[in-house]
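1. Sequence isn't available, so here's the structure alone:
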Ligand code: MN
Ligand code: MN
């Protein structure tokens, strides 16, 4: 009797069979490749398009025809992607929307970045997103991004990923001289203006200028054909020079930079390419700028999503307002996994437990439910049925203790357009650290959850 009356959270290992666990481990291999080739939003857009091409997806431009059966993507400034499939049902059941983000916390190079001090050459940085600054020192770093010259030549740069590449480095103080620094609060131990990246040390042999700066600008010019002035129109990011690796004796976890939010972006793509025979029309959004508030032309507060929905609505002869009203959305983003080492910030019963599957978060925000999309109970019930039909293992959770802090996602920027929206994602340990942790089974259940959402009637 109590079997049927009580609810109990259990692990994917207990709730599914060996075949499902083995599929989760196979799936993790593809995910790790995605992590390694998509460390910035620009690289994620490129990688995503390469994943879509074999399935016949074509680039869409405003004004192009849209019809039933089309598989299209709109590339927004190489930093944000809208992928859409028009199912046989057209607009009759709205759009199944899944929105994740492909930017991740990192250090951006400033526009006037180069300086030399005491024989060392440096880049100055401005951190991007919610980092804990002390985690970025004394660790191997890679440089990724683009420099665009006045002639509009776009130079791609990626140094530090190949085993033969050099890496970059930010120093910390030695403990022997760190007595005063060690007394500072964690948030002040390393300051923003101390996150300076070392670029080299060999002075130039030129008579007129024997600086390290002259020598390294020469190296850069020889390799990329750019000058110091070209950094004015660059987007260069410093990210950890670390590859995704299995973690644990049993290889159950994946350690990587940028799980948040590739761990949802990748499943939203794989679930889409496995749902191409769904009769529903689907829109998969890979957003930029989530980590800094979703502002700007590539963030989810831009009107671009509405513009695309309007174009689809016009093509399918339905009013955009009605198309939005009929649509449903998963805001696919990570949740904090319960960390037994820091239990004091969690309320365990409503926390995401690593290994217990995909996480639905009805509301995010912070103390008193401020700044949140709070999904409708009716929509949650519909999702329960969808997950049950596909046997997806999932759990309900919020970020942490009620007044411990909080965080937001893109959910509220979508639901404000009258689109039913809920957060779904993977529980992470050490979220926003340079190397984050996710369980393989949770990643795979998220893929299965999104697939169930794309297909459920
Ligand atoms: Mn996120
Ligand atoms: Mn984040």
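-> Structure's in. What do you need? Computed from a predicted model, the values in this text were never measured in an experiment. Ligands and ions are numbered 1, 2, ... in the order given.
2. List the contacts of residue 302.
-> residue 296 (C-beta atoms under 8 Å, 6 or more residues apart in numbering). To be clear about C-beta, it is placed using only N, CA and C from the backbone, and glycine gets the same treatment.
3. Please identify the residues of the protein in proximity to ligand 1?
-> Contacts of the chain with ligand 1, taken as C-beta under 5 Å from the ion, map to 260, 261, 333.
4. List phi and psi for the last one.
-> Dihedral pair for residue 333: phi -150, psi 160, per degrees, to the nearest 10.
5. just the helices in this protein please.
-> Shown for the chain, the helices assigned by DSSP state H span residues 2-5, 12-15, 18-37, 41-52, 179-182, 186-189, 212-224, 259-273, 304-315, 320-326, 377-390, 411-415, 440-455.
6. For the ones you listed, give me CSV that also has mean pLDDT and mean neighbour count.
-> Output for the helices of the chain, formatted as CSV (pLDDT from 0 to 100; neighbours: other C-beta atoms under 10 Å):
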stretch, mean pLDDT, mean neighbour count
helix 2-5, 77, 6
helix 12-15, 98, 16
helix 18-37, 98, 16
helix 41-52, 98, 21
helix 179-182, 97, 10
helix 186-189, 96, 12
helix 212-224, 98, 16
helix 259-273, 98, 27
helix 304-315, 98, 18
helix 320-326, 98, 17
helix 377-390, 98, 14
helix 411-415, 97, 23
helix 440-455, 98, 27
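7. Same list as before, those helices that is, but in JSON lines and with distance to residue 65 included.
-> What follows is the helices of the chain, written out as JSON lines (distance: least, C-beta to C-beta, whole Å):
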{"stretch": "helix 2-5", "distance to residue 65": "52"}
{"stretch": "helix 12-15", "distance to residue 65": "43"}
{"stretch": "helix 18-37", "distance to residue 65": "31"}
{"stretch": "helix 41-52", "distance to residue 65": "19"}
{"stretch": "helix 179-182", "distance to residue 65": "62"}
{"stretch": "helix 186-189", "distance to residue 65": "53"}
{"stretch": "helix 212-224", "distance to residue 65": "40"}
{"stretch": "helix 259-273", "distance to residue 65": "21"}
{"stretch": "helix 304-315", "distance to residue 65": "7"}
{"stretch": "helix 320-326", "distance to residue 65": "17"}
{"stretch": "helix 377-390", "distance to residue 65": "32"}
{"stretch": "helix 411-415", "distance to residue 65": "26"}
{"stretch": "helix 440-455", "distance to residue 65": "23"}
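8. Of these, which is nearest residue 115?
-> Minimum separation from residue 115 across the helices of the chain (C-beta to C-beta) falls at helix 212-224, 7.6 Å.
9. and the closest one, what does it pack onto?
-> If you count contacts as 3 or more C-beta pairs under 8 Å, 6 or more residues apart in numbering; DSSP states H and E, helix 212-224 packs onto strand 106-117, strand 120-128, strand 197-200.
10. To residue 227, which of those lies closest?
-> Using C-beta to C-beta as the measure, strand 106-117 is the one of the helices and strands packed on helix 212-224 that comes nearest residue 227, at 10.7 Å.
11. in that closest one, what counts as buried?
-> Residues of strand 106-117 classed as buried: 106, 107, 108, 109, 113, 114, 116 (neighbour count, 16 or more other C-beta atoms under 10 Å).
12. List the contacts of the fourth one.
-> Taking C-beta under 8 Å, 6+ apart, we find residue 109 in contact with 123, 124, 125, 143, 145, 197, 231, 234, 236, 237, 238.
13. I'd like to know the beta-bridge partner residues of it.
-> Bridge pairing for residue 109 (DSSP bridges) gives the partners residue 125.
14. and it, how far is that from residue 233?
-> Counting by C-beta to C-beta, to the nearest Å, the gap between residue 109 and residue 233 amounts to 12 Å.
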